[in-house]
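*Asks:* Provided below for reference: sequence and predicted model.
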Amino acid sequence: MKSLLRSLTLLAIVVAVASPLSADDAKKAAAKEKKAAGNKQGQKKGAGPDLAARTLKQFEKASLTEEQVGKIKDLAKVAQEKSAEARKKARLSKEQQEARTAAMKKAKEEGKTKKDLQDAINAAVELSADQKAAMDEARAIQTSFQKEVRGLLTDEQRKAIRGKGGAKKKPAEGDKKKPAEKKKKKAAE
């Protein structure tokens, strides 16, 4: 009787210790599968959602039909593959990446606008002719994709994306201050 009781106690201890360990292993395996699935789509580690997912999120206010969603996914797949090829050709060297980061940081500290920020980055990073051509190609692919997607939308869907049916408001003449100046003004108040 004592040996049976001892065996059952030992078995209960083994089960109590082994259950959480196997659950952890299952969670780790599921996480690995999820990462592998993301990498199969050509994403870098931590790259976030793919082009189709980002586009569908962008247009979620438009109440897309199933047919539109399917077409967007197909267009995104093609555009993402072409864009990835172009970006490979345009890949920056380590020195170019460092110059780009430094220029971006400096321009942001100076409170430059988006256009001025981009100009400062382009001036700091000297791209080869091949890199410029590849970047232009990637930009053209993205622009073409966006135009094709917007072409799938109805007028009502376009209005839903813009907001209350109107175009974006332009700032008043006296309200054309740089973002950094606005922050400084708010901080002073």
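*Replies:* That came through, no problem.

*Asks:* From here on, just use CA atoms for contacts and neighbour counts.
*Replies:* OK.

*Asks:* right, and residue 87 touches residue 135 too?
*Replies:* Yes. At 6.6 Å, residue 87 and residue 135 qualify as touching, with contact defined as C-alpha atoms under 8 Å.

*Asks:* the more surrounded of those two?
*Replies:* Applying other C-alpha atoms under 10 Å to residue 87 and residue 135 shows that residue 135 carries more neighbours, namely 20 against 17.

*Asks:* who's in contact with that one?
*Replies:* 86, 87, 90 (C-alpha atoms under 8 Å, 6 or more residues apart in numbering).

*Asks:* The second one is in what secondary structure piece?
*Replies:* Applying DSSP states H and E as the criterion places residue 87 in helix 66-89.

*Asks:* Could you check that helix and say which residues are buried?
*Replies:* 69, 71-73, 75-77, 79-80, 83, 86-87, 89 (16 or more other C-alpha atoms under 10 Å).

*Asks:* Stretch 121-137 now?
*Replies:* For stretch 121-137, by 16+ other C-alpha under 10 Å, it's 121, 124, 125, 127, 131, 134, 135, 137.

*Asks:* Quote the end-to-end distance of it.
*Replies:* Chord length of stretch 121-137, first to last residue, is 19 Å (C-alpha to C-alpha, to the nearest Å).

*Asks:* quick one: average confidence on that stretch?
*Replies:* Taken as a whole, stretch 121-137 carries a mean pLDDT of 85.

*Asks:* With stretch 94-111 instead?
*Replies:* 87.

*Asks:* Buried residues in that stretch, which are they?
*Replies:* For stretch 94-111, by 16+ other C-alpha under 10 Å, it's 99, 100, 103, 104, 107, 111.

*Asks:* re earlier: please identify which two of the buried residues of stretch 121-137 are farthest apart in space.
*Replies:* The span of those, defined through C-alpha to C-alpha, is set by 124 and 137 at 21.1 Å.

*Asks:* Would you mind splitting the protein into its domains for me?
*Replies:* With domains defined by automatic domain parsing, the chain comprises 50-90+137-150, 92-126.

*Asks:* Same list as before, those domains that is, but in a markdown table and with distance to residue 11 included.
*Replies:* Below are these laid out as a markdown table (distance: least, C-alpha to C-alpha, whole Å):
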| stretch | distance to residue 11 |
| --- | --- |
| domain 50-90+137-150 | 48 |
| domain 92-126 | 58 |
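
*Asks:* Fine by me, we can end here.
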